[in-house]
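A.B. asks: Pasted the sequence and its predicted model underneath.
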Amino acid sequence: MKPRIVFIFTLFLIGFTLFEPNTAVKAQSNKGAKFGKDSITCITNISLYREFFRQWKGSNYKGETVQDAIKSWRWVFTNCPRATQYTYVDGVQMVSSFIEKEENEVKKGKLIDTLMMIYDQKIVNFGNKGSNLGRKAVDYYKYKTADYEGAYKIFKESINITKNNSQGPIVIYYFRLTAKMAKEGAADPSLVVETYDEVSQIIDHNLKKYEAKPKELEGWLSVKGNIEAEFEPFATCEDLVTIYTKKYKQNKNDLELLKKITSILDKKGCEGEQLFMDATIQLYNLEPSPEAAYLISRMYLSGVNKDYSKALGYLTEATSMTDADKLANIYYYIAICLEDAKKYSAARTNLRKSLEYNPNNAQPYIMIGDMYAASAKACGDNDLTNRVAYWAAVDQYIKAKNADPSSAEVANKRIREYSEHFPSMETIFFYDLKEGDSYKVECWINETTTIRASK
């Protein structure tokens, strides 16, 4: 063996110990399975192809050493396929480069088949089927762009396996493919809607999972933006109703279909549609649940079906849900119903519950402030007491801005408006009070605030 080969061989053995846990033990106990029948020749060929591959990589994948690398690589792929995952990672890189340079369509087709086989063999020898299928689907779609059905089948199997652990780029490619299929008449538009619902659940899961990790969160927000932009042409309520009305009429007892219809219409703000009303009631009748009750309440909170008393009953039933985001909404909607009935104290109790589940929401603070302002005159009997509630109201608007800076414009407008209703300096002096001191607002409000004069 030449000195250079011996040197490479020695380095490779060291590298194996460094990069693969317990490799030394595995190699001694299971050489036949890992390195094939001829372990020395296997390791030698791995060393050779990896050295040439590194040189090719060093040339920014433009040099000719890839031709030398592929010879030894082919031997490794055939004779010791379980030696290292580099065989498949590097193989994909090399064969992809050959595909992109090949002009003969027949030869290119065979190279594409080889590329797909590399992915299949990696799954056979190293598992991780879902993730590897996702990468295979991306390359299949890249090199066989006309075969929508073939690419979709691989993507679908990958997503079904990985579910919430799907990689962001694969989710994007998967959805883009379904959208393109619909645009070109290769699939019904309902497939896009169903796929949107499917990937949205994956995205929402990961946004929550990585909310404390900025880098990962940014990546999933980017995925969400890509999906939303791609879905926009299919996202109007009119289109969604057109897509699903026929399906609903044909399959009114299909629970999965009903859940898809109600979920997507709710997500896209189509609660006022007749289809949403019909599907939610049917879902509740077939499978009563807090989730179905919540959907029905949304229907009674909007559009021509608005009925706060009916909505309140269903919202109360929905409070047994466990989803924090939904519970924040549920208690907020309960407060809306109670405010409409002038039950301000009970409404505030539910708004505070809403804030327990989502403290960054400004709307509950704004609503409490509005109720305080609306109660000002009713809670007082003189020039001072019928104005002090405005102090408490402005306090709530300030809390709103602190909870969510994007609410500043709305909150500041109310602060300006209600600050004008503060007691005058003369009134404050007349009642022996002083600006900056604490003051207890009575009535149902029962809040301690700060004395301020109108400007």
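C.D. replies: Perfect, I can see it now. All values reported here derive from a predicted model rather than from experimental measurement.

A.B. asks: any idea which helix or strand carries Arg452?
C.D. replies: Arg452 belongs to no helix or strand when assigned by DSSP states H and E.

A.B. asks: Quick one: residues contacting it.
C.D. replies: 391, 394, 419, 422, 435 (C-beta atoms under 8 Å, 6 or more residues apart in numbering). In this view, the C-beta of every residue, glycine as well, is placed from N, C-alpha and C.

A.B. asks: could those go into a markdown table alongside secondary structure?
C.D. replies: A markdown table is the format used below for those (DSSP: H, G, I helix; E, B strand; the rest coil):
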| residue | secondary structure |
| --- | --- |
| Trp391 | helix |
| Val394 | helix |
| Ser419 | helix |
| Phe422 | coil |
| Glu435 | coil |
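
A.B. asks: For Leu283, give its distance to Lys310.
C.D. replies: Leu283 is 16 Å from Lys310, where distance means C-beta to C-beta, to the nearest Å.

A.B. asks: Just want to know which of the two has more residues nearby.
C.D. replies: The residue with more neighbours, out of Leu283 and Lys310, is Leu283; 23 against 16, by other C-beta atoms under 10 Å.

A.B. asks: Please tell me I have it right and that one contacts Met299.
C.D. replies: No. Leu283 lies out of contact with Met299 (C-beta atoms under 8 Å); the separation is 11.3 Å.

A.B. asks: mind listing what's buried in stretch 192-203?
C.D. replies: Buried residues in stretch 192-203, defined by neighbour count with 16 or more other C-beta atoms under 10 Å: 192-196, 198-200, 202-203.

A.B. asks: count of neighbours near Asn45?
C.D. replies: Applying other C-beta under 10 Å, I find that Asn45 has 22 neighbouring residues.

A.B. asks: scratch that, Lys434
C.D. replies: 9.

A.B. asks: Can you give me the distance of it to Arg452?
C.D. replies: Plainly put, Lys434 is 11 Å away from Arg452 if you go by C-beta to C-beta.

A.B. asks: Just list the residues touching the nearest residue to Thr319 once chain neighbours are set aside, thanks.
C.D. replies: Nearest residue to Thr319, sequence neighbours excluded (C-beta to C-beta, 6 or more residues apart in numbering): Ile330, at 5.8 Å. Shown in contact with Ile330 (C-beta under 8 Å, 6+ apart): 294, 297, 315, 318-319, 321, 354.

A.B. asks: let's see it at 7 Å
C.D. replies: Ile330 makes contact with 294, 315, 318-319 under the criterion C-beta atoms under 7 Å, 6 or more residues apart in numbering.

A.B. asks: Restricted to buried residues, select those in ChimeraX.
C.D. replies: Listed next is the ChimeraX selection for buried residues among these, using 16+ other C-beta under 10 Å:
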select :294,315,318,319
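
A.B. asks: Of the contacts of Ile330, which pair is most distant in space?
C.D. replies: Tyr294 and Thr319 (9.2 Å; C-beta to C-beta).

A.B. asks: hey, which helix or strand in this protein has the poorest pLDDT?
C.D. replies: Taking mean pLDDT, DSSP states H and E as the measure, the chain has helix 23-29 as its least confident helix or strand, at a mean of 32.

A.B. asks: can you give me the strands for the stretch 301-450 of the chain?
C.D. replies: Along the stretch 301-450 of the chain, counting by DSSP state E, counting those that start in this stretch, strands occupy 438-441, 447-450.

A.B. asks: how about TSV for the ones you listed, with distance to Ile398 added?
C.D. replies: Listed next are the strands of the stretch 301-450 of the chain as TSV, based on distance: least, C-beta to C-beta, whole Å:
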stretch	distance to Ile398
strand 438-441	15
strand 447-450	11
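
A.B. asks: Of these, which is nearest Ser131?
C.D. replies: Among the strands of the stretch 301-450 of the chain, strand 447-450 comes nearest to Ser131, with 54.7 Å by C-beta to C-beta.

A.B. asks: before we move on, the earlier item: please flag which of the buried residues of stretch 192-203 sit within helices.
C.D. replies: Judged by DSSP state H, the subset of the buried residues of stretch 192-203 located in helices is 192-196, 198-200, 202-203.

A.B. asks: Alright, calling it a day.
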